[in-house]
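In: Take this sequence and fold it.
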Amino acid sequence: MTSAEVTRRRVMGLGLGVLAGVSAGCSGDSGPVRRLRLATGPEGGPYNAFGQALAQAVAASGRRIEIVPVSTAASVDNLRKLDDGSVELALAMADVAEDAVLGREPFPRPTAATALARVYVNYTHLLVPADGPVRSVRDLAGRPVAAGAAGSGVQVVAERALRAAGLSGAPAPAPAPAPAPPSAADERQLGLAASVSALREGSVDALFWSGGVPTPALADLARERPLRFLPLDAHVGALRERYGPVYTAVTLPAGVYGLTEPVGTIGVGNYLLARADVPQGAVRDLLQVVFERWRDLLREVTAGARLEPRFAISTGEVPLHPGAVAHYRSVYG
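Out: Down below sits the predicted model:
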């Protein structure tokens, strides 16, 4: 059993309580304000929206902390900034966070990141024009695919999904990368806005995205033109076998994006992370705000999501911050 699992079992052993009993008061009425920089994502993206909403909620709470959102390339970039100390907090997809703490590629050594909460689930979207020739993942062989911005979690899950389907030619890092085999998809490193533009213009045949449902930019695109969302749930088993339970089978529901029936896909959690040296009092203050204001924080990120303690402490191989452990114990009665 890992140390992260031991910590969570100790927390769970105290019994689940009711969040309504959490005090809304400050941890202290005096002293300097603790300024915490939060690595989010590109401007206009869901991580950036969450970070801005969290900063506003914390400012309105009167607690002696300040959240300063920092725009980044997203998950991989965020873990690197957390590791080098240029931020104190970060948002990241669960698969990337586990890669970081375990020292797996693209991280050269283990990163000392800790988890505060698993806040919501990303749904992997793989969409193509409905009137185009692509009707399955295998049809992407040799075709240009918008596969997420460099340094993003989208890029990680897209490359792994394509590899599971036998379509990734991404080699291990080398001074002179070998060319992709003919059967591989042509993966293009594009952020969400650029990906949408490329699909609209026809310079790519498919678009990967990992985010909440609905993602506004994709909902807007679906209103402009008919889209086909390709199922990916058949690859969840292979991903779990190789990378562990950070990947789950989830469903894009009928009705969203104009879908007439559900589409199975890959789900990945999102973690709110912190450096281990962030004071416990600041972490407890922050988590009180997160749980008091979770509806506001998730409104612009993913529809219909809830944040519950049993869900929040499920952070896999990423250990909980001691301040997070103290917070969950305090609300579990």
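In: Show me what counts as buried in the lengthiest helix in the chain.
Out: Identified as the longest helix of the chain according to DSSP state H is helix 46-61. Of the residues in helix 46-61, 46-55, 57-58, 61 count as buried by neighbour count, 16 or more other CB atoms under 10 Å. Heads up, the C-betas are built off the backbone N, CA and C, glycines and all.
In: Number of residues surrounding the nearest residue to residue 199 once chain neighbours are set aside?
Out: Closest residue to residue 199 apart from its sequence neighbours, by CB to CB, 6 or more residues apart in numbering: residue 207 at 4.7 Å. Using other CB atoms under 10 Å, residue 207 has 28 neighbouring residues.
In: in a helix, that's where residue 207 is, yeah?
Out: No. Assessed with DSSP: H, G, I helix; E, B strand; the rest coil, residue 207 is strand; it does not lie in a helix.
In: Return the set of residues that bridge with it.
Out: Judged by DSSP bridges, the bridge partners of residue 207 are residue 127, residue 146.
In: wait, it sits on residue 132?
Out: No. With contact defined as CB atoms under 8 Å, residue 207 does not reach residue 132; the gap is 11.7 Å.
In: hang on, the earlier thing: need the max-distance pair from the buried residues of helix 46-61.
Out: By the measure CB to CB, 46 and 61 form the most distant pair in the buried residues of helix 46-61, at 22.2 Å.
In: right, and residue 302 touches residue 250 too?
Out: No. Taking contacts as CB under 8 Å, residue 302 lies outside contact range of residue 250: 11.3 Å.
In: what's the overlap in contacts for the two?
Out: Residues touching both residue 302 and residue 250 (CB atoms under 8 Å, 6 or more residues apart in numbering) are residue 121.
In: Over the helix or strand where residue 328 lies, what's the mean pLDDT, rounded is fine.
Out: Residue 328 belongs to helix 322-331 when assigned by DSSP states H and E. Averaged over helix 322-331, pLDDT sits at 94.
In: Please enumerate the strands of this protein.
Out: 34-39, 65-70, 89-93, 113-129, 144-146, 186-188, 206-211, 227-229, 247-252, 263-275 (DSSP state E).
In: who's in contact with the fifth one?
Out: Think strand 144-146. So strand 144-146 is contacted by 158, 162, 185-188, 190, 194-195, 198-199, 203-208 (CB under 8 Å, 6+ apart).
In: Just the buried residues of those.
Out: In the contacts of strand 144-146, the ones that pass as buried (16+ other CB under 10 Å) are 158, 162, 185-188, 190, 194-195, 198-199, 204-208.
In: for this structure, which spans come out with low pLDDT?
Out: In the predicted model of the chain, residues 1-31, 169-182, 333 satisfy pLDDT under 70.
In: biggest separation within the buried ones among the contacts of strand 144-146, which pair?
Out: 162 and 194 (18.7 Å).
In: rewinding a little: by contact count, what packs against the longest helix of the chain?
Out: strand 34-39, strand 65-70, strand 89-93, helix 280-292, helix 294-299 (3 or more CB pairs under 8 Å, 6 or more residues apart in numbering; DSSP states H and E).
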